[in-house]
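J.: Mind looking at a prediction? Sequence and model below.
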Amino acid sequence: MNTVVSQGVLRSLTKGSAGWNLARLSLTSVRHGSFKVQDDKDFLEKVENSKEPVIVDFFATWCGPCKALEPRLESIMAKRHGKITLAKVDIDSMGELAAKYEVSTIPALVVFRNGKVQERLTGLQDEDKLSLWVDKVLQTK
Amino acid sequence: MAPIGDGPDYDLVVIGGGSGGLAAAKEAASLGAKVAVLDYVTPTPKGTRWGLGGTCVNVGCIPKKLMHQAALLGDAIEDSQSYGWQFSNPENIKHDWGILRQAVQNHVKSVNWVTRVELRDKKVDYINGLGLFKDAHTVQTTTKQGERTITSKYFLIAVGGRPRYPNIPGATEYGITSDDVFSLEDSPGKTLVIGAGYIGLECAGFLRGLGYDATVMVRSVVLRGFDQQMAGLISAAMEERGVKFLRKCVPKSIEKAIDGKLLVKWTSENGQEFGDTFDTVLFAIGRRALTREMQVEKAGVQVAGDGEKIDAVNEQTNVPHIYAVGDVLYKKPELTPVAIHAGRLLARRLFGNSTVQMDYENVATTVFSPLEYGCVGISEEVALQRYGEDNVEIYHAYYKPTEFFIPQRSIAHCYIKVIAKRGGDQKVLGMHFIGPQAGEVIQGFAAAMKCNLTMNALMSTVGIHPTIAEEFTRINVTKRSGKDPNPASCCS
């Protein structure tokens, strides 16, 4: 499975107008929601070349704080009605990518806009702080 | 920083990304040198492999200490009941190997990552390939990207060692070593540990503490090279906790029985044959340096009389631009902090105009057996041999940790010993401590010994009460006096 549109995003999308939903889903279902980055090419296509901002979650399977952050992040993304995409990068399988973007401490949330790093947030956050941060990211043009 | 003209690719190429190699690499890089580290882990016969960081991080000190801690927590659960803690079903408390293994491996992986990031930040090139000498100035390696040769002004051999297997049928097919035990998928079950050095004792100790049946097979002596009185107390303390010892025995063969269990045959001192079945057989019979694997002879580097290790002078091999640190060094302590210190000082001498040499004397160490043993300086045997009985004073004492009273934990093996010169102000030559937190206790005294600690200074130090470390400040009975080293007792 290449991309996973989170259940929350799907639910929130179906609440809106049907026509809009269909259009959004058919055009950008791959991009919106959250998905796991498969390789460098995947990252280039869906993150670096994205026209819309993408939050990249650099994580590792052995990292406890990363595990704790995940559901909080998913919940916040679901509440944003698919306005922003979450890309998850496993640093053990994509060490070069982590190095390229100077990720050292994890979890590291890195916002990409027009292929450039716009914002960073490192470490486990509570949901309120995370929510404010995502809002700030969305407001920035 | 790119090589100019025909110069070598690097200022320093380190072969082996363990404690010593990494310390040297990072220090050299921060002094402006262009550095590469080659690190590659050949999988064990069982297929176990691991990441960057070497033995200590992956299959040594770190996972060992965590599993030792897991075992100690089991003791604490037991003790806590006499302190008033209540469990609904205390008899049903059990340990889950899978959870521990995963937690330990997760921690190890996090250290691998931090190590990788440190190299990146210091601009040290990390090459995930086995380094072989092609000649004295060239190292050859094969990575995922293919084969390459690397030249350097200096080389550092820091390949460390790997566990030995005995030459008996079934050893590599069915046996495991400390390279495998910390990541075992299935719980180890009834385990035979062959070898009674510190690695064997520590493994048997934590396995017993986690609830497994554990047996140690001893060929000759327990803890060779350590003070033998202390070694005897350690093995006695382990026996008291249920670890079995097969003394003066050597393994003959391992076969797999129909039920999947391992049938081990061994002979005793008088040639009598014995056998038993185990779920796991762990070899801890020593470690061998990996010099052969890297073809040191092609660089002209000579190995020591044992055919494996490198007898370097101030970390320099017989080939002046090739150095060595860590467990590959002949007759040097095989300890992570020793390798780190030596590696760092070497880098400063090579690239920082330093003249400071490594001092391998008075390095403290600790055996993380269930009841720990920490020591610094020389053993009683070495002291007597070096200075003669008339010139050495041995102070000793049994003691009772306050915390042991309430749960009525055995105090039979809580013992300390200080070895000092007999004349003058009685310079301390060795300090030995058996008890809880031995490493934490002995570390500070190691600093004191670096400052030429004397018995007078030790005895005029005021202790912290109630601690176990203060026992060293209270010590006053000499072996020569024949006085009872046992503390006063209210009841026993």
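T.: Alright, I've got the coordinates.

J.: Strands along chain A, start to end?
T.: Counting by DSSP state E, chain A has strands at residues A:33-36, A:54-59, A:85-90, A:108-113, A:116-122.

J.: Tell me how far the second one lies from the chain's centre.
T.: In this view, strand A:54-59 has its centroid 5 Å away from the chain centroid, taken as Cα atoms, centre = their mean, to the nearest Å.

J.: What strands flank it, and is each parallel or antiparallel?
T.: Using DSSP bridges, strand A:54-59 pairs in its sheet with strand A:85-90 (parallel), strand A:108-113 (antiparallel).

J.: Next to chain A, which bits of chain B? Give me the list.
T.: Applying Cβ under 8 Å from any Cβ of the partner chain, we find that chain B lies next to chain A at B:105-107, B:109-110, B:113, B:116-117, B:120-121. C-beta: built from backbone N, CA, C; applies to glycine.

J.: ok, and the most crowded of the residues you listed?
T.: residue B:113 (24 neighbours; other Cβ atoms under 10 Å in any protein chain shown).

J.: next one: phi and psi at that residue?
T.: Backbone torsions for residue B:113, taken as degrees, to the nearest 10, come to phi -70, psi -50.

J.: Surely residue B:139 forms part of a strand?
T.: Yes - assessed by DSSP: H, G, I helix; E, B strand; the rest coil, residue B:139 belongs to a strand.

J.: And the residue of chain A that's closest to chain B?
T.: Distances between chain A and chain B by Cβ to the nearest Cβ are smallest at residue A:62, namely 3.7 Å.

J.: Quick check, that residue in contact with residue B:104.
T.: No - the pair residue A:62 / residue B:104 is not scored as a contact, 10.4 Å apart, by Cβ atoms under 8 Å.

J.: Okay, now the unreliable bits of chain A?
T.: A:1-32, A:141 (pLDDT under 70).

J.: ok, now which ones touch the closest residue in space to residue B:36 that isn't next to it in sequence?
T.: Closest residue in space to residue B:36, ignoring its immediate chain neighbours: residue B:125 at 4.0 Å, by Cβ to Cβ, 6 or more residues apart in numbering or on different chains. Residue B:125 is in contact with B:10, B:35-37, B:119, counting by Cβ atoms under 8 Å, 6 or more residues apart in numbering or on different chains.

J.: where does residue B:125 fall, phi/psi-wise?
T.: Per degrees, to the nearest 10, the backbone of residue B:125 is at phi -80, psi 130.

J.: tell me which parts of chain A are close to chain B?
T.: A:60-64, A:91-92, A:95, A:99, A:104, A:106.

J.: Nearest to residue B:203 among those?
T.: Nearest to residue B:203 out of the residues of chain A next to chain B is residue A:62 (Cβ to Cβ; 23.2 Å).

J.: what's that closest one in contact with, if anything?
T.: A:92, B:105-107, B:109-110.

J.: what do you get if the cut-off is 10 Å, keeping everything else the same?
T.: Counting by Cβ atoms under 10 Å, 6 or more residues apart in numbering or on different chains, residue A:62 makes contact with A:92, A:106, B:102-103, B:105-113.

J.: now residue B:306
T.: Neighbours of residue B:306 in contact, by Cβ under 10 Å, 6+ apart: B:288-289, B:330-331.

J.: beta partners for the most centrally placed residue in chain A?
T.: Compute the mean C-alpha point of chain A, and by Cα atoms, centre = their mean the closest residue is residue A:86, 1.2 Å away. On the basis of DSSP bridges, residue A:86 is bridged to residue A:34, residue A:55.

J.: I'd say residue B:107 and residue B:66 touch.
T.: Yes - counting by Cβ atoms under 10 Å, residue B:66 is a contact partner of residue B:107 at 6.6 Å.

J.: Residue of the stretch 151-300 of chain B closest to chain A, please.
T.: residue B:183 (12.5 Å).

J.: Over to that residue. Which of the three states is it?
T.: Note that with three-state DSSP, the state of residue B:183 is coil.

J.: Skipping its backbone neighbours, what lies nearest residue A:80 in space?
T.: Nearest residue to residue A:80, sequence neighbours excluded (Cβ to Cβ, 6+ apart): residue A:134, at 6.5 Å.

J.: residues in contact with that neighbour?
T.: Counting by Cβ under 10 Å, 6+ apart, residue A:134 makes contact with A:55, A:73, A:76-77, A:79-80, A:83-84, A:86, A:109, A:111, A:121.

J.: Tabulate those in CSV, adding columns for distance to residue A:127.
T.: Formatted as CSV, those follow (distance: Cβ to Cβ, whole Å):
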residue, distance to residue A:127
A:55, 15
A:73, 9
A:76, 7
A:77, 12
A:79, 10
A:80, 13
A:83, 17
A:84, 16
A:86, 15
A:109, 13
A:111, 18
A:121, 13
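
J.: Drop anything exposed from the residues you listed.
T.: A:55, A:73, A:76-77, A:80, A:84, A:86, A:109, A:111, A:121 (16 or more other Cβ atoms under 10 Å in any protein chain shown).

J.: one step back: I figured the residue of the stretch 151-300 of chain B closest to chain A hits residue B:43, correct?
T.: No - under the criterion of Cβ under 10 Å, residue B:183 makes no contact with residue B:43, lying 11.6 Å away.

J.: For these two, list the residues in contact with both.
T.: In contact with both residue B:183 and residue B:43: B:49-50, using Cβ under 10 Å, 6+ apart.

J.: the more surrounded of these two?
T.: residue B:183 (19 against 10).

J.: ok, and the closest non-adjacent residue to residue B:95?
T.: Looking at residue B:95 with Cβ to Cβ, 6+ apart, the closest residue is residue B:210, at 4.9 Å.

J.: Let me fix that, I meant to ask about residue B:287.
T.: residue B:161 (3.9 Å).

J.: What about the one you found, how many residues nearby?
T.: For residue B:161, using other Cβ under 10 Å, the count is 19.

J.: quick one: which helix or strand includes residue B:275?
T.: strand B:273-278 (DSSP states H and E).

J.: Mind listing the strands the following helix or strand past that strand pairs with, and their directions?
T.: Next helix or strand after strand B:273-278 toward the C-terminus (DSSP H and E): strand B:280-283. The pairing partners recorded for strand B:280-283 under DSSP bridges are strand B:176-177 (parallel), strand B:191-194 (parallel).

J.: The residue nearest to residue B:95 and residue B:184 touch, don't they?
T.: No - Residue B:210 is beyond contact range of residue B:184, at 11.8 Å (criterion: Cβ under 10 Å).

J.: Buried residues in stretch B:376-392, which are they?
T.: The neighbour-count check on stretch B:376-392 (16+ other Cβ under 10 Å) flags B:376-380, B:383-384, B:387, B:392 as buried.

J.: returning to what we had before: mind checking how far the residue nearest to residue A:80 is from residue A:46?
T.: The gap separating residue A:134 from residue A:46 is 18 Å, by Cβ to Cβ, to the nearest Å.

J.: quick revisit: go through the contacts of residue B:306 and flag which are in helices.
T.: Secondary structure from DSSP state H places none of these in helices.

J.: Please list only the buried members of those residues.
T.: B:288-289.

J.: what's the longest strand in chain B?
T.: strand B:146-157.

J.: how about it: buried residues?
T.: B:150-157.

J.: And for stretch B:228-235?
T.: B:229-231, B:233-235.

J.: where along the stretch 151-300 of chain B do the strands fall?
T.: Applying DSSP state E, counting those that start in this stretch to the stretch 151-300 of chain B gives strands spanning B:161-163, B:176-177, B:191-194, B:214-218, B:244-247, B:249-256, B:262-268, B:273-278, B:280-283, B:287-289.

J.: Deepest in the core, which of the ones you listed is it.
T.: Sort the strands of the stretch 151-300 of chain B by mean neighbour count, taking mean count of other Cβ atoms under 10 Å in any protein chain shown, and strand B:191-194 sits at the top with a mean of 27.

J.: The buried ones among the contacts of residue A:134: which two are farthest apart?
T.: The span of these, defined through Cβ to Cβ, is set by A:80 and A:121 at 15.5 Å.
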